[in-house]
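Asker: any chance you could fold what I've pasted below:
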Amino acid sequence: MPEPGRRCGRAARRAAAGAAMALATLLAAAQPRVAPAAAGSSACAAPADALARVRCGGELRVGVRNDYPPFAARDGDTPVGFEIDLARALAAGLGVRPVFSTVTPANRIATVGEGRVDLVLATMGHTVARDGEARFVRPHYYQSRTVVVGDRRRAITAMAGVAGQTVCVTVGNNTNAELAERGARLMLFANVQQLVDQLESGACSLAAQDDSLFAFHFLRPAFAARHDVKFGFSPLPWGMAVRSEDGAALAEALGHTLRGLHADGTLLRLARAHGVDTAFLEREQARWSAPPCLDEAALADPRCVAAPHDNRLQPTPFAAEVARFEAWVKARWDVEMTLAMLKTRIALDLFLQGIVFSLLLVAGAVLATVGTSLAFAAGLGASSRWLRWPLRLLLMTAQSTPLVLLMLFAGLLASAWGASSALTALATAIVVLGLFNGSNGGQAIAEARAALRRAGAPAGLRDGVMHARAQLAAFVVNATRGSPAASIIGVPELLSAQTDIASFSAERTTTFTLLLLFYMAVVSVVVALGQRWQARLAEADTGGAP
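Answerer: Modelled structure (predicted):
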C-alpha cells in the first residue's frame, strides 16, 4: 500500500501539472501563429525541408521522455511536465499541433536523425560531440550539473573522494568518463528510475546524475532525510535538436519562438509552475529582454548564445585507424563493431590497467590456491585436533558460502579497517580466491593421503598431491574463472574497466564480447598449463617410463 506522503505527493504533482497545463494553454494561445501551408499547395507536394513538412502536415512531432519528472512524465496516458508544455508553446508558435513520441537517452539522437520525429526535447545536454549528430536549436532552455548523491553518513565532499568507491550511474551519461578517470568504480543502470530505486534500497551508496533529477526527489522528506548532495561538477546546457540534413529552417523558426519565450517570461513561469529550478532561466530572461540580445541577429551573437559543453575525450594516436577498421568490418561483413577502448586515451588507459590487474589477479589466485591447498592438506592431516578442527570449520564456511558473498564480506572488512586502495582490494581478492578454491583443493589432497594410508602406501604431502593432481588443477582453473568477481570490491580488473568504458561510450556489445574472449583465452592458457603440469607429475611418478 502506498505511503500517505507519496499519495499526497502524487496529488500535489497532478495539481501542479494541471495548473501548468492551463498556464501553457493560455501562453500558447498568446503566441503569434504562423499560418500552415495549404495541404494541396505545390509547396506541399514535395516539401523542401523539415519546416515545410511540419507546416504542410499541421503537426510538430516531438520526441519526449516519460520517466523524468518534473520535466517529462506520464499522468496515465497524458504526457505532463515542463518540457511537454514547452513543446506545446513551440508548436503554437508555428501554428501547428504537437504530437508526442517517447524517446530514451539511448535513442533520442537516432530518432530525430532518422526522421521519426521533427524535434527531440528530452533533457538532452548540448555538447560539442552531439553537434556533429544533430542540429541544436538556440538558445538553450535549461542548464544542469551532475551531482553525486549518497547516504548522509558518507563523508565525501569532492571528486577526489570517489577513488575506489562504487558509484551508480546510467548508461551513456557524458560525465561518467570524469568519474571513471578519478578512479570511481561504476555500476550501470538502464534508466534513472532504476538508479533512484537502488539508491533508496541501499544497493547503491553513491549515485551520480543531473541535479534536475535529484531536485525532484529531495522534495520527498524520506529521501532528503537519508541522502544529501556530496558535490557537483560539469555544468551542462540543455538543448532541443532537429535533423542536421534538412532542419536549418525549422531550427531557426523554433529559435526565434524560444527567444521570445525567454524574453517575455513564459519559460520562467512554466518552470515555477512545475517546480523546476529557475536560476538559469532568470538569467536568460534578463539576457534576452535587453540589448544586445533584442536584435533579430542575436541568435548568432556569442554574447547572447552560450557555447555547447566541450566534453570531447582526448583521442588516441590511432583513433582514426580504429574507425576505418570498424567501417571496413561493417562494409565487409555487415557487423557493427565499436572498439571504444581504443579510441580515447581514458578508455585505453582503463583497458590496459584492467588487463594488467586481471593478469596479476589470475596469477595471484593460482599461486594462492596452490599454497592454500598445501597448507590445508598439511593441517587437515595433522595429529593435533587444535589445528584440524579450526581448518575444518574454515573449510565448511568456504564450501557453504557463495564466492560473491565471501568476496563482498572480505571487501567490507577491508574497508572497515580503512584499506580501500586498488592494491589492497587486489590482495583481498587474491586471499579470498585462494581460500575459496584452496580449501577444497587441500581437502582433496588430504583425502588422497588418507586413502594411501589405508592402502599401506606412502602418504606424504607430495604423494597426496600426485594422486589428487587432477582435482588440484580443476580448482586452479576454477580460481581463474572466479577472478572477475573481484570487481565487486573495487579491483580495477578488466570486467570493472570494461564496465566503466561502456558507461560513457554507451556501447556494450563489442566491449563485453572482448571481455568474454579475454577470459576464455586466460582460462585456456591456465588449463593448458595445468595439463602440462599433470603430465610432468605423471612422468615423474612412473620414472619417465612411457
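Asker: how far away is residue 386 from residue 392?
Answerer: Distance of residue 386 to residue 392, given as C-beta to C-beta, to the nearest Å: 12 Å. Using the backbone N, CA and C atoms, a C-beta is placed for each residue, glycine as well.
Asker: is it true that residue 87 touches residue 63?
Answerer: No. Taking C-beta atoms under 8 Å as the definition, residue 87 is not a contact partner of residue 63, at 9.5 Å.
Asker: and for the two, which residues touch both?
Answerer: Both residue 87 and residue 63 are in contact with 119, 121, where contact means C-beta atoms under 8 Å, 6 or more residues apart in numbering.
Asker: first vs last residue of stretch 137-147, how far apart are they?
Answerer: In stretch 137-147, first residue to last residue: 26 Å (C-alpha to C-alpha, to the nearest Å).
Asker: can you point out the buried residues in it?
Answerer: 137, 138, 139, 140, 141, 142, 143, 144, 146, 147 (16 or more other C-beta atoms under 10 Å).
Asker: could you check the pLDDT of the first one?
Answerer: Residue 137 carries a pLDDT score of 97 in this model.
Asker: the helices in the stretch 1-150 of the chain, which residues?
Answerer: 4-30, 42-45, 50-57, 82-94, 108-113, 128-131 (DSSP state H, counting those that start in this stretch).
Asker: buried ones in the second one, by neighbour count?
Answerer: Within helix 42-45, the residues scored as buried using 16+ other C-beta under 10 Å are residue 44.
Asker: what pLDDT, on average, does that helix get?
Answerer: Mean predicted lDDT for helix 42-45 stands at 73.
Asker: could you dump it to CSV, C-alpha only?
Answerer: Taking Å, rounded to 0.1, in the frame of the first residue of the first chain, the C-alpha atoms of helix 42-45 are listed here in CSV:
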residue,chain,number,x,y,z
SER,A,42,2.5,23.0,-54.8
ALA,A,43,5.0,23.6,-51.9
CYS,A,44,3.4,20.7,-50.0
ALA,A,45,3.5,18.3,-52.9
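Asker: residue boundaries of the strands in the chain?
Answerer: 59-64, 73-75, 78-80, 97-102, 119-120, 135-136, 142-151, 166-170, 185-189, 206-210, 227-238, 241-242 (DSSP state E).
Asker: the second one packs against which elements?
Answerer: If I follow you right, that is strand 73-75. Other helices and strands packing on strand 73-75, by 3 or more C-beta pairs under 8 Å, 6 or more residues apart in numbering; DSSP states H and E, are strand 78-80.
Asker: and the last one, by the same measure?
Answerer: Strand 241-242 makes packing contacts with helix 108-113, strand 119-120, strand 135-136, helix 248-263 when contacts are defined by 3+ C-beta pairs under 8 Å, 6+ apart.
Asker: for residue 510, find the nearest of those.
Answerer: Proximity to residue 510 (C-beta to C-beta) singles out helix 108-113 among the helices and strands packed on strand 241-242, at 17.6 Å.
Asker: and for that closest one, what's in contact with it?
Answerer: 63, 101, 103, 117-120, 122, 124, 130, 133-134, 241-244.
Asker: contact partners for the closest residue to residue 183 other than its chain neighbours?
Answerer: Spatial nearest neighbour of residue 183, excluding adjacent residues (C-beta to C-beta, 6 or more residues apart in numbering): residue 163 at 3.5 Å. Residue 163 is in contact with 182, 183, 184, counting by C-beta under 8 Å, 6+ apart.
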